[in-house]
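Student: no FASTA, just this:
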Ligand SMILES: [Zn+2]
């Protein structure tokens, strides 16, 4: 991508780095739904995955490249270590996209060179040049990352970057992998690269960072001040540990404070031009979609997309807001596409209205899935008078999880109450057509259901999280259950909503179980070459 000082590129890595969050793994349909929404949000680049990791990852990147990588759409990028096999698989996976990128990386800190790579500094420079050139021989657009840049000797870093650009890298990414840097230090690192790498004018400087000290967004903004023009971020800031820099916070900071960040301010006309190409009106919808599909809730006080970010509940504020919105609000809620939680559909709404509203919310369902979702909608409309956008999201985010399902919940029945031992009967149908039934006694109705499901599935697991919250207000509200199961150290999330919370709990468990079973089946793509168990994804 051409270097433009007036434009900050948004590189979304929700589907690669974000998906590495414990318990956030997504299936193919869910990844596609998010990728389509990221295209509507108009991010510049989507990092769709790490194709060499497994056939599932390869397939997901390839499908996203084909479906979303249109000529007007975003650049589709895949991650690859600086090794031929990785780069080859990556090139193949991104081929269907009109605009494609390979993102390759190698560590540049002495500690990594010594202990992980067992290579000398000169050897790493040579590998960088060779692998970037190889990537450049298969695609036009090559990004190179210096893993652990923050702990690398700056003079050595300049040397590696210079070699990467000479070999054809068009974007140079500087990650703060462990989230240790402060804004002044990070800005200084970028300024140093601008000043000391002789051919830096031929590449876009990118930044990547984690939020361990809550500084990722601040670090990135300081990097922009010092010349960085690509930001690697995720929706809702999801990602390993404390997460990545959050896209909505970065975009809105650059939007609200565009005069402050604009490099041309006072020098050229048009200094209030937006710095990013993102359609801010799609932000809220994207945040909801990612939260629903990953089962990772957004904290209520989260900047920009939290439930309280635009709620002015204290009396003084409310009065001020009514008199003049700008008294207490620096962002108009409509800028991020936050409409009221509308009552969108009712009992009499037809299929086409249902489908249109879903598409507006970012969900495109295939015929069978649409039929099933519509049936669930009708069923809900019989029980609940007013169906809101949140209810619709709850219905379809469950739907998306059900593809590739080993088990489908057919029946759940519970008897409980005072002087009764909670007893549950459940029936599952399996993907090969069998029907399994089991009954169990528990300490409570949900426990009884889970005991019964566990004795059917017979996969050892530990329930590490169980939360219930209501989707909307009112006694007829849908209850939303999110759970996490642990199996051999890996977390699997399940999420479901129903007006009956015991049914929602049972569904959520079955969803998590399906992911768990699917996760066990995930085999490495090149078992003889790859040393990449799912738990050992790259640390960028
Ligand atoms: Zn990362």
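Tutor: Received it, and whenever you're ready, just let me know what you need. Keep in mind the model is a prediction, meaning the values are calculated, not measured.

Student: tell me what the longest helix along the chain is packed against?
Tutor: Secondary structure assigned by DSSP state H gives helix 501-521 as the longest helix of the chain. Counting contacts by 3 or more CB pairs under 8 Å, 6 or more residues apart in numbering; DSSP states H and E, helix 501-521 packs against helix 389-401, strand 407-415, helix 445-457, strand 462-470, strand 479-487, strand 490-498. The C-beta positions use only the backbone N, C-alpha and C, and glycine is treated the same way.

Student: Same list (the ones you listed) but as CSV, adding distance to residue 179.
Tutor: Output for the helices and strands packed on helix 501-521, formatted as CSV (distance: least, CB to CB, whole Å):
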stretch, distance to residue 179
helix 389-401, 29
strand 407-415, 38
helix 445-457, 36
strand 462-470, 23
strand 479-487, 23
strand 490-498, 21
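
Student: So which of these is nearest the ion?
Tutor: strand 490-498 (18.0 Å; CB to the ion).

Student: Output the helices and strands packed on helix 501-521 as a markdown table; include the columns mean neighbour count, mean pLDDT and distance to the ion.
Tutor: Listed next are these as a markdown table, based on neighbours: other CB atoms under 10 Å; pLDDT from 0 to 100; distance: least, CB to the ion, whole Å:
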| stretch | mean neighbour count | mean pLDDT | distance to the ion |
| --- | --- | --- | --- |
| helix 389-401 | 23 | 76 | 25 |
| strand 407-415 | 17 | 94 | 33 |
| helix 445-457 | 21 | 95 | 33 |
| strand 462-470 | 14 | 88 | 23 |
| strand 479-487 | 22 | 88 | 21 |
| strand 490-498 | 24 | 84 | 18 |
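
Student: so where do the strands sit in the stretch 51-200 of the chain?
Tutor: Along the stretch 51-200 of the chain, the stretches classed as strands by DSSP state E, counting those that start in this stretch are 75-81, 100-107, 141-147, 171-176.

Student: anything in the longest one sitting right up against the ion?
Tutor: No - interface with the ion: strand 100-107 contributes nothing (CB under 5 Å from the ion), its closest point being 10.5 Å away.

Student: ditto for the last one
Tutor: No - applying CB under 5 Å from the ion, one finds strand 171-176 out of contact with the ion, separated by at least 6.3 Å.

Student: What pairs with that strand, parallel or antiparallel?
Tutor: In the sheet, strand 171-176 lines up against strand 141-147 (parallel), strand 204-209 (parallel) (DSSP bridges).

Student: Which helix or strand in the chain has the lowest average pLDDT?
Tutor: helix 315-323 (a mean of 54; mean pLDDT, DSSP states H and E).

Student: now for the strands paired with strand 171-176, which one comes closest to the ion?
Tutor: Of the strands paired with strand 171-176, nearest to the ion by CB to the ion is strand 204-209, at 5.6 Å.

Student: Is there proximity between the closest one and the ion?
Tutor: No - against the ion, strand 204-209 shows no contacts by CB under 5 Å from the ion, the least distance being 5.6 Å.

Student: and the longest helix of the chain with strand 479-487, angle?
Tutor: Relative orientation of helix 501-521 versus strand 479-487 (axes from the mean of the first three to the mean of the last three CA atoms, to 10 degrees): 30 degrees.

Student: can you list the residues of this structure near the ion?
Tutor: Looking at the ion, the residues of the chain close enough under CB under 5 Å from the ion are 17, 540.

Student: again, only this time at 8 Å
Tutor: Counting by CB under 8 Å from the ion, the residues of the chain close to the ion are 13, 17, 20, 175, 177, 208-210, 232, 239-240, 244, 539-540.

Student: Quick check: bridge partners of residue 413?
Tutor: Counting by DSSP bridges, residue 413 forms beta bridges with residue 425.

Student: before we move on, the earlier item: what would the strands of the stretch 51-200 of the chain look like in TSV with mean pLDDT and mean neighbour count?
Tutor: Below are these laid out as TSV (pLDDT from 0 to 100; neighbours: other CB atoms under 10 Å):
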stretch	mean pLDDT	mean neighbour count
strand 75-81	97	27
strand 100-107	97	26
strand 141-147	97	26
strand 171-176	96	25
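
Student: and residue 441, how many neighbours does it have?
Tutor: 12 (other CB atoms under 10 Å).
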